[in-house]
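Sequence and computational prediction follow.
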Amino acid sequence: MNVGAQPIFILSEDTLRQTGKDAQKTNIIAGKMVGETVRTTLGPKGMDKMLVDSIGDIVITNDGVTILEEMEIEHPAAKMMVEVAKTQEEEVGDGTTTAVVIAAELLKKAENLLEQDIHPTIITKGFKLAREKALQILESIGTEVDVDDEELLKKIAITAMTGKSAERASEYLSGLAVEAVKMVRDKTENGWVIDKENIKLEKKQGGGIEDTELIKGVMIDKEVVHPGMPKKVKEAKIALLDVAL
């Protein structure tokens, strides 16, 4: 080792390193702040938030995962809360705000227990026991859904749209959503399987939300090469080429 060599900084010189209770407290505060950020968007009286990014683009939403993604959070513990919302969105498709608010409340309770000198492993064990109990309760109060009960499925879809900008057309859009899911569902030995990748959402400027339509088939987004080209062709024959024309 060369004693006279200059030190190599892996982290920036102004990096702050914390350990022990100070680190616990800082991480908990960061997590709680994320929960407080989205808490006011929850429920029937939840408010929308206006987000302005660095280039001036404006997003107005009350969707938890959208808000957290737009915030560009840097704190490691706060980023974990964002991952909670993303996982909820990917696995369930709804309830992102609720998941983050519950996680923040758990952190608040953990903070109180830590102040009583209760070891983190004991708190973690208690949370795991509470999770098992919560799953048992949810299992007991859950209602089995018939995949052919369109009215019930539409109500579920409408619930997911509540608070979104599409709420005023939720009755119409819920029908399209249910029909789209039924188109791509497959029956297997383990039950119904739905591959969301088989559903594509394509947005075009102009028209109203009621102009939304469901197309059964393949959609390719291409511009019209010449204004004289036909806008619609029925019973068309399609050639697929893997070479340049």
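On my side now, so go ahead.

Would you mind finding the longest helix in the chain?
Assignment by DSSP state H gives helix 120-141 as the longest helix of the chain.

List the buried residues of the helix or strand immediately after that one in the chain.
Heading C-terminal from helix 120-141, the first helix or strand you meet, by DSSP states H and E, is helix 150-161. Residues 153-154, 157-158, 160-161 are the ones in helix 150-161 that count as buried (16 or more other C-beta atoms under 10 Å). Just so you know, the C-beta spots here come from the backbone N, C-alpha and C atoms, and that holds for glycine as well.

Below-threshold pLDDT in the chain: ranges please.
Under the criterion pLDDT under 70, the flagged ranges of the chain are 1-20, 163-165.

ok, the residue most central in space within it to I123 distance?
The centroid of the chain falls nearest to E89 when counting by C-alpha atoms, centre = their mean (2.9 Å). For E89, the distance to I123 equals 27 Å [C-beta to C-beta, to the nearest Å].

same thing with G175?
46 Å.

isn't T26 right up against A77?
Yes: between T26 and A77 there is a contact at 7.5 Å, judged by C-beta atoms under 8 Å.

Which parts of the protein are helices?
Under DSSP H, the chain gives helices at 20-39, 64-70, 76-91, 96-115, 120-141, 150-161, 170-184.

so which of those helices gets nearest G207?
helix 170-184 (13.5 Å; C-beta to C-beta).

May I see the buried residues of that closest one?
By neighbour count with 16+ other C-beta under 10 Å, helix 170-184 contains the buried residues 170, 173-175, 177-178, 180-181.

now these as a markdown table including distance to M33?
A markdown table is the format used below for the buried residues of helix 170-184 (distance: C-beta to C-beta, whole Å):
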| residue | distance to M33 |
| --- | --- |
| S170 | 32 |
| L173 | 34 |
| S174 | 35 |
| G175 | 40 |
| A177 | 34 |
| V178 | 38 |
| A180 | 38 |
| V181 | 37 |
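
What's the local residue count around K21?
The number of residues packed near K21 is 11, by other C-beta atoms under 10 Å.

Next, the buried residues of the longest helix of the chain.
Neighbour counts over helix 120-141 (16+ other C-beta under 10 Å) mark I123 as buried.

okay, that helix in PDB with CA atoms only?
Taking Å, rounded to 0.1, in the frame of the first residue of the first chain, the C-alpha atoms of helix 120-141 are listed here in PDB:
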ATOM      1  CA  PRO A 120     -36.600  -4.300  16.700                       C
ATOM      2  CA  THR A 121     -36.700  -8.100  16.200                       C
ATOM      3  CA  ILE A 122     -39.500  -8.300  18.800                       C
ATOM      4  CA  ILE A 123     -41.400  -5.600  17.000                       C
ATOM      5  CA  THR A 124     -40.900  -7.400  13.600                       C
ATOM      6  CA  LYS A 125     -42.100 -10.600  15.100                       C
ATOM      7  CA  GLY A 126     -45.200  -8.900  16.400                       C
ATOM      8  CA  PHE A 127     -45.900  -7.400  12.900                       C
ATOM      9  CA  LYS A 128     -45.600 -10.900  11.400                       C
ATOM     10  CA  LEU A 129     -48.100 -12.300  13.900                       C
ATOM     11  CA  ALA A 130     -50.500  -9.400  13.200                       C
ATOM     12  CA  ARG A 131     -50.100 -10.100   9.400                       C
ATOM     13  CA  GLU A 132     -51.100 -13.700   9.900                       C
ATOM     14  CA  LYS A 133     -54.200 -12.700  12.000                       C
ATOM     15  CA  ALA A 134     -55.200 -10.000   9.400                       C
ATOM     16  CA  LEU A 135     -55.000 -12.600   6.600                       C
ATOM     17  CA  GLN A 136     -57.200 -14.900   8.600                       C
ATOM     18  CA  ILE A 137     -59.800 -12.200   9.100                       C
ATOM     19  CA  LEU A 138     -59.800 -11.200   5.500                       C
ATOM     20  CA  GLU A 139     -60.200 -14.800   4.400                       C
ATOM     21  CA  SER A 140     -63.200 -15.100   6.700                       C
ATOM     22  CA  ILE A 141     -65.000 -12.000   5.500                       C
END
